[in-house]
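Colleague: Predicted model and sequence below, questions to follow.
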Amino acid sequence: MSAVRLIVDYDAAVAALLGEIEATGEGDRIALSVYIIEPGDSSQQVLAALAAAAERGVEVAISVDATASSKLSRLWERTRTLLPEARRLAREFPERVTARGRREPDHSKYALFHRRQAPPTALLGGVNLGDRFRPWRDFMVRVAGAGLVADLEARLDGQGEAPGVPLDDGAVAFAVNVPRAKRFEIRGVLDALAADPRFVRYQVAMAYLDRTGAEVLRTMLGRGARVELVMPSRANVYQHANMRALGEVLARAPALEATLHPAMLHAKALVAWDDQGRRTAFVGSANLKRNSFRMLGELNAVVCDPAFTADLSAAIAALAAGGTPLREPPPYSRAMAAVEERLG
């Protein structure tokens, strides 16, 4: 199996997570870190699989965001967290399971699997857990191999350097925001991708956009690059900030090929094409927003594997094909846009 593989949409991501959990045994270790885990059959399946792993002798560490940001999101969307259930699991298996609510602002989503009898693997991307997210369009990345997983863990610990772009063919690297280490790499990698004159075309699938994130798009467009952007027509949050930022870019750069997708598109992904047709992917948890640049913990992968980038390019193209082209700046509430951008 390839060292890096794209996973498209929620059900496939949950199936991959369950498969990785079930492939662990006594003495192995699992670390699951998510921004949101909400009620639903799918999230209960994950918790049950983790409980079964603990019974087999697997060490399990569960980490869930517990900051004011996620609490505000739950209040707005009238939902709740399953962190108490994870803590009950920790009380049931006190020697093997830990569950904590993070107090630092961390928006990353990943799972690490260390096995005594097989190479380690990891999942990362934009997928939260909960049945509400099943119809959302999203991506995850699976990486395998001791070197890649060790590098990923080092980056999450604030070690190493931000990846330069473009990478060598077949290479995979990780860009992180680690607030406690005062390391914020996402904006720098995006700026490098946007400004590099070798890149002549961009495909972007993005859940949330604000005026700060729109600067990245304007850099691409200002060089004359082709930019194909797909966003949700009706986002679960930040709808007015999304439409204001998108409309302002479109008004200044009519060459932007913007498409609104009818389903909730939660992806945070980009494919940059150079003038030789070689592709570089940037995919993970980070949105094109101020807080994803300067405040939140985030985790993205930079991938130059031809099969992976071809799959991601095709998936973004399929999203665009299922949407409606946006020809004029969309309507929005100025007051709501100002509030949403301040909050998000």
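Modeller: Perfect, I can see it now.

Colleague: rest of the way, CA atoms for contacts and neighbours
Modeller: Fine.

Colleague: how far away is the residue lying closest to V303 once chain neighbours are set aside from A307?
Modeller: In space, and not counting its chain neighbours, V303 is closest to V172: 4.6 Å by Cα to Cα, 6 or more residues apart in numbering. Distance of V172 to A307, computed by Cα to Cα, to the nearest Å: 12 Å.

Colleague: quick one: which of the two has more around it?
Modeller: Shown here are V172 and A307; by other Cα atoms under 10 Å, V172 has more neighbours (20 against 15).

Colleague: Help me confirm that that one comes into contact with P306.
Modeller: No - under the criterion of Cα atoms under 8 Å, V172 makes no contact with P306, lying 11.1 Å away.

Colleague: what is in contact with the two at once?
Modeller: Common contact partners of V172 and P306 (Cα atoms under 8 Å, 6 or more residues apart in numbering): none.

Colleague: And the helix or strand D151 falls within, what's buried?
Modeller: Following DSSP states H and E, one finds D151 within helix 146-156. For helix 146-156, the neighbour count (16 or more other Cα atoms under 10 Å) marks 148-149, 151-152, 155-156 as buried.

Colleague: Kindly report the same for stretch 59-76.
Modeller: Buried, per 16+ other Cα under 10 Å, within stretch 59-76: 59-66, 70-71.

Colleague: which one of the residues you listed is nearest G297?
Modeller: For the buried residues of stretch 59-76, the minimum distance to G297 (Cα to Cα) is 10.7 Å, reached by D65.

Colleague: Show the contacting residues for the closest one.
Modeller: Counted by Cα under 8 Å, 6+ apart, D65 has contacts 34-36, 101-107.

Colleague: give me the beta-bridge partners of it?
Modeller: When bridges are called by DSSP bridges, D65 pairs up with R102.

Colleague: Does G40 touch R134 like I think?
Modeller: No - under the criterion of Cα under 8 Å, G40 makes no contact with R134, lying 9.9 Å away.

Colleague: With neighbour numbers in mind, choose between the two.
Modeller: Each of G40 and R134 has its neighbours counted (other Cα under 10 Å); R134 has more, 19 against 15.

Colleague: That one reaches V8, doesn't it?
Modeller: No - applying Cα under 8 Å as the test, R134 and V8 come out as separate, 11.5 Å apart.

Colleague: can you pull out the helices in this structure?
Modeller: 10-22, 41-55, 68-77, 83-92, 146-156, 186-195, 211-222, 239-252, 290-294, 306-321, 334-343 (DSSP state H).

Colleague: I'd like those laid out as JSON lines, including mean pLDDT and distance to L270.
Modeller: Output for the helices of the chain, formatted as JSON lines (pLDDT from 0 to 100; distance: least, Cα to Cα, whole Å):
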{"stretch": "helix 10-22", "mean pLDDT": "98", "distance to L270": "19"}
{"stretch": "helix 41-55", "mean pLDDT": "98", "distance to L270": "28"}
{"stretch": "helix 68-77", "mean pLDDT": "69", "distance to L270": "25"}
{"stretch": "helix 83-92", "mean pLDDT": "96", "distance to L270": "31"}
{"stretch": "helix 146-156", "mean pLDDT": "97", "distance to L270": "20"}
{"stretch": "helix 186-195", "mean pLDDT": "98", "distance to L270": "9"}
{"stretch": "helix 211-222", "mean pLDDT": "98", "distance to L270": "11"}
{"stretch": "helix 239-252", "mean pLDDT": "97", "distance to L270": "16"}
{"stretch": "helix 290-294", "mean pLDDT": "96", "distance to L270": "15"}
{"stretch": "helix 306-321", "mean pLDDT": "98", "distance to L270": "8"}
{"stretch": "helix 334-343", "mean pLDDT": "91", "distance to L270": "22"}
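
Colleague: out of those, nearest to R279?
Modeller: Ranking the helices of the chain by proximity to R279 (Cα to Cα) places helix 306-321 first, at 6.2 Å.

Colleague: Walk me through the domains of the chain.
Modeller: Listed by automatic domain parsing, the domain ranges of the chain are 4-150, 163-343.

Colleague: which residues does the nearest residue to G170 once chain neighbours are set aside contact?
Modeller: Closest residue in space to G170, ignoring its immediate chain neighbours: D305 at 3.9 Å, by Cα to Cα, 6+ apart. By Cα under 8 Å, 6+ apart, D305 lies in contact with 4, 169-172, 280.

Colleague: Tell me the buried residues within these.
Modeller: Among the contacts of D305, those buried by neighbour count (16+ other Cα under 10 Å) are 4, 171-172, 280.

Colleague: quick one: V283 and N300 touch, right?
Modeller: Yes - when contacts are counted by Cα under 8 Å, V283 is listed as touching N300 (5.3 Å).

Colleague: intersection of neighbour lists for those two?
Modeller: Common contacts of V283 and N300 (Cα under 8 Å, 6+ apart): G125.

Colleague: confidence score at G170?
Modeller: For G170, the pLDDT comes out at 89.

Colleague: before we move on, what about the one 3 residues further on?
Modeller: In this prediction, A173 carries a pLDDT score of 97.
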